[in-house]
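>>> Next come a sequence and a model predicted from it.
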Amino acid sequence: VVVDLKPLRPLERPVGLDEIKADPAFAGWDLLRLSRLSVVPTPAAMWKRLLSLARTSDPKGGS
């Protein structure tokens, strides 16, 4: 299966892996917990936190 993805818009600021690892909101996320993962589900609460750290509003209308 091949899926073509296109970004809706860039983030206002990059969010580094070290910043994500230091944030308790991401505790237990498979992306940080398991090695060698490139694609993992992102729960809605974590996505909202990522957008907050990136100072970017949700392009779909959320915050």
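That came through fine.

>>> Now do the contacts for Tyr15.
Careful, residue 15 is Val; it's not Tyr. By Cβ atoms under 8 Å, 6 or more residues apart in numbering, the contact set of Val15 is 50, 53-54. In short, each C-beta sits where N, CA and C put it, glycine included.

>>> average pLDDT across the longest helix anywhere in the chain?
Ranked by residue count and defined by DSSP state H, the top helix of the chain is helix 44-53. Averaged across helix 44-53, the pLDDT comes to 95.

>>> Out of the contacts of Val15, flag the one nearest to Glu12.
Glu12 has its nearest neighbour among those in Ala54, at 5.7 Å by Cβ to Cβ.

>>> Quick one: neighbours of the closest one, just the number.
When neighbours are defined as other Cβ atoms under 10 Å, Ala54 has 15 of them.

>>> Next: Gly28.
Per other Cβ under 10 Å, the neighbour tally for Gly28 reads 9.

>>> And the pLDDT at it?
Predicted confidence (pLDDT) for Gly28: 91.

>>> From Ala45, how far off is it?
12 Å (Cβ to Cβ, to the nearest Å).

>>> again, but for Arg33
Distance from Arg33 to Ala45, counting by Cβ to Cβ: 16 Å.

>>> now do Val2
29 Å.

>>> Show me which of these two is the more surrounded one.
Neighbours were counted for Val2 and for Ala45 using other Cβ under 10 Å; Ala45 has more, 10 against 3.

>>> I'd guessed that one sits against Ala25; true?
Yes - assessed by Cβ atoms under 8 Å, Ala45 is found in contact with Ala25 at 7.2 Å.
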